[in-house]
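S.K.: Build me a model:
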Amino acid sequence: MGGKTGTRNTPTVYNAAFQTRLFWDGRAPSLEAQALDPLVNPREMAMPSLAAVANRVRADPAYAPAFRRAFGSDTVTIGRIAQALAAFQRTLVTADSPYDRFLAGAADALSPAQKRGMWLFRTLGCATCHAGPNFGGAPSAFRAFLVDRAPEAKDHGLAADKGRAGPGAANGVWRVPSLRNVALTAPYFHNGSVADLARAVRIMAAAQLNARVGDPPAGARFAPRWSAAAGRFERPGRKRVTEADLADLVAFLGALTSERLARRAGS
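M.R.: Okay, here's the model as predicted:
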């Protein structure tokens, strides 16, 4: 409204039906609750009130028969408006990615790099937060964003907004977003400061996995540590995510792209 910009990056509405919380800070518990906020947000639609929204819809005669078909009466209420918006968003489901075809039995739907990336996604721990068929928000909808582990995250201003945690918190707390169609939804993170998916994965590997990101120095060797209590050797230090690993992870994330949306986007 009036050329204003939002304070946070706009999340995709595709597959939003599967998110247990909406908005980056998760303040809306349902699509119905989420649908109303942009209508009166002064930076978005900037309507003076929800009552004014209902009055605007009532004033358009084209809506009366549509409400009658949907609700059994042509009475326009803000609750029904929210129901209608949420019902539409629940149709925006994409389940036609190469990953979906792979799970359905098409072994060649994923490239070798994508298969390696899928294995890494699970074994490194990415799937701990980005879980379930929607790759987001399970078992918990919220996670702390540990930007102090990733200097590059601070370079992109990712530590400024604390989200659900509020000002003064050590780390921001955010809703875990879905990774479906992530290759099409740049820019990334709550402030939209990262345009490149590979860079976003690099930041996440350092911040959330506490991994050393990049190839080790030439000739570097790790020293196994014997644990008498466990009766086994343990690998010391942080896990390593190499440049090849990063490339494979990005390749796998590309396999979560709806083929229909990819054609529409011309990618």
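
S.K.: For the residue lying closest to Asn171 once chain neighbours are set aside, list each beta-bridge partner.
M.R.: Spatial nearest neighbour of Asn171, excluding adjacent residues (CB to CB, 6 or more residues apart in numbering): Ala144 at 4.5 Å. (Each C-beta comes from the backbone N, C-alpha and C, glycine too.) With DSSP bridges applied, Ala144 shows beta-bridge pairing to Val173.

S.K.: Please report the distance of Ala144 from Asp37.
M.R.: According to CB to CB, to the nearest Å, Ala144 and Asp37 sit 24 Å apart.

S.K.: what's the answer for Thr257, then?
M.R.: 28 Å.

S.K.: who's more crowded, those two?
M.R.: More crowded of Thr257 and Asp37, by other CB atoms under 10 Å: Thr257, with 22 against 14.

S.K.: Report the contact partners of the closest residue to that one other than its chain neighbours.
M.R.: Among residues not flanking Thr257 along the chain, Ala183 sits closest, at 5.0 Å (CB to CB, 6+ apart). Each residue near Ala183 by CB atoms under 8 Å, 6 or more residues apart in numbering is listed here: Leu197, Leu253, Gly254, Leu256, Thr257, Ser267.

S.K.: Just give the nearest non-adjacent residue to the third one, would you?
M.R.: In this structure, Gly254 finds its nearest non-sequential neighbour in Ala183, 4.7 Å apart by CB to CB, 6+ apart.

S.K.: backbone phi and psi for that neighbour, please?
M.R.: phi -70, psi -20 (degrees, to the nearest 10).

S.K.: what's the pLDDT at it?
M.R.: Ala183 is assigned 97 on the pLDDT scale.

S.K.: Can you pull the poorly scored residue ranges out of the stretch 101-250 of the chain?
M.R.: 138-139, 222-223, 235-237 (pLDDT under 70).

S.K.: What ranges does it have for its helices?
M.R.: When secondary structure is read from DSSP state H, counting those that start in this stretch, the stretch 101-250 of the chain shows helices at 112-124, 126-129, 151-155, 197-207, 243-254.

S.K.: Quick check on the residue of the chain positioned farthest from its centre: phi, psi?
M.R.: Ranked by distance from the centre of the chain (CA atoms, centre = their mean), the top residue is Ala228, with 42.0 Å. For Ala228, the backbone dihedrals (degrees, to the nearest 10) come out as phi -70, psi -40.

S.K.: what about the residue lying closest to Ala46 once chain neighbours are set aside, how many residues close to it?
M.R.: Nearest non-adjacent residue to Ala46, counting by CB to CB, 6+ apart: Met1, 4.0 Å away. Look at Met1: counted by other CB under 10 Å, it has 10 neighbours.

S.K.: what's Met1 in contact with, if anything?
M.R.: Contacts for Met1 were tallied using CB under 8 Å, 6+ apart; they are Pro42, Arg43, Glu44, Met45, Ala46.

S.K.: Which residue, other than its chain neighbours, is closest to Arg199?
M.R.: Closest to Arg199 by CB to CB, 6+ apart is Glu152, at 7.5 Å.

S.K.: Actually, Gly214.
M.R.: Per CB to CB, 6+ apart, closest to Gly214 is Glu243, 6.2 Å.
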